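In: model this:
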Amino acid sequence: MDAQTLHIDFIVPQGWHELTDAQLRYVYNLIALEMSSEEIAVTCMLYWSGTRVIGRQPDGAYLLQQGKTLFDVKPLAIAELAGEIRWLAELPQVPVRISSLRGKPALAADFQGVPFETFIICDNLYQGYLQTQQDAMLDELAAVLYPGIKKVSMPERISIFYWFASLKDYFSHRFSDFFQPVAGADSNLLGAPNIGTQLQEAMDAQIRALTKGDITKEAEILALDTWRALTELNAQAREYKQLQAQMKK
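Out: Model prediction:
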């Protein structure tokens, strides 16, 4: 059969934001199997387009089936098709997450409406994981992001990491004056190169900035919407930069 005479559709999502809960779970399961980014792209492309690998032809081409149609595809052509979902190898541009795990609903993906105190707790756990690589940190993070959850699997841990990593990356662009890299470290103003005392100091500095030294306002600040708190911190950071620039003139 001449594959060139056939019309075959490989319709796949165009970005992380289009993935359903089931598709997200599928990706995270493949990542948990330690498949390469290329293997994940090909596997997802075939699965999401409803295509199965039936066998291998003597010339090296793959025999595929889509619906009732059988057709041959060269390995290079499969690789080129999988390039359409190369975005799987990158962090989501906007935060995405599975809407619920083990019956426990998730917080808002972008943390709008989530108390600032919750964000601080999550960020400390995330920074702790980056420093220690201990799964227990992700388990604790999961318990905050999915209130009430008590146990998570490895693919679910990966989903937790991708969610919060994409959230931090998103915030680094949305609140770019506040979220800045620390010299010599993959971090920002919410987390210092080392955990423990430095994380506590970073958290205290944020609260002091928002309360302007008035400790009676601390509870009120911690209850603020995360976006409202970060908007204020970003504005303060921008004003500080402008002041520093003026002083240098």
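In: give me the helix or strand of this protein that scores worst on average pLDDT.
Out: When each helix and strand of the chain is scored by mean pLDDT, DSSP states H and E, helix 197-211 comes last, with a mean of 62.
In: next structured bit after that one?
Out: helix 218-222 (DSSP states H and E).
In: now the helix or strand following that following helix: buried residues?
Out: Sequence order places helix 226-248 as the next helix or strand after helix 218-222, per DSSP H and E. Going by neighbour count (16 or more other C-beta atoms under 10 Å), the buried part of helix 226-248 is 226-227, 229-230, 232-234, 236-237. Where you see a C-beta, it was placed from the backbone N, CA and C, and this is true even at glycine.
In: mind putting these in JSON lines, pLDDT included?
Out: JSON lines is the format used below for these (pLDDT from 0 to 100):
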{"residue": "Thr226", "pLDDT": "94"}
{"residue": "Trp227", "pLDDT": "95"}
{"residue": "Ala229", "pLDDT": "89"}
{"residue": "Leu230", "pLDDT": "90"}
{"residue": "Glu232", "pLDDT": "86"}
{"residue": "Leu233", "pLDDT": "84"}
{"residue": "Asn234", "pLDDT": "86"}
{"residue": "Gln236", "pLDDT": "82"}
{"residue": "Ala237", "pLDDT": "79"}
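In: dump those residues into TSV; add distance to Ser49 as well.
Out: Below are the buried residues of helix 226-248 laid out as TSV (distance: C-beta to C-beta, whole Å):
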residue	distance to Ser49
Thr226	38
Trp227	37
Ala229	43
Leu230	39
Glu232	46
Leu233	44
Asn234	42
Gln236	49
Ala237	46
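In: which one of the residues you listed is nearest Val94?
Out: Within these, the smallest distance to Val94 is 13.9 Å, found for Trp227 (C-beta to C-beta).
In: burial count for the nearest residue to Glu39 once chain neighbours are set aside?
Out: The shortest distance from Glu39 to any non-neighbouring residue, by C-beta to C-beta, 6 or more residues apart in numbering, is to Leu30 (7.6 Å). Using other C-beta atoms under 10 Å, Leu30 has 21 other residues around it.
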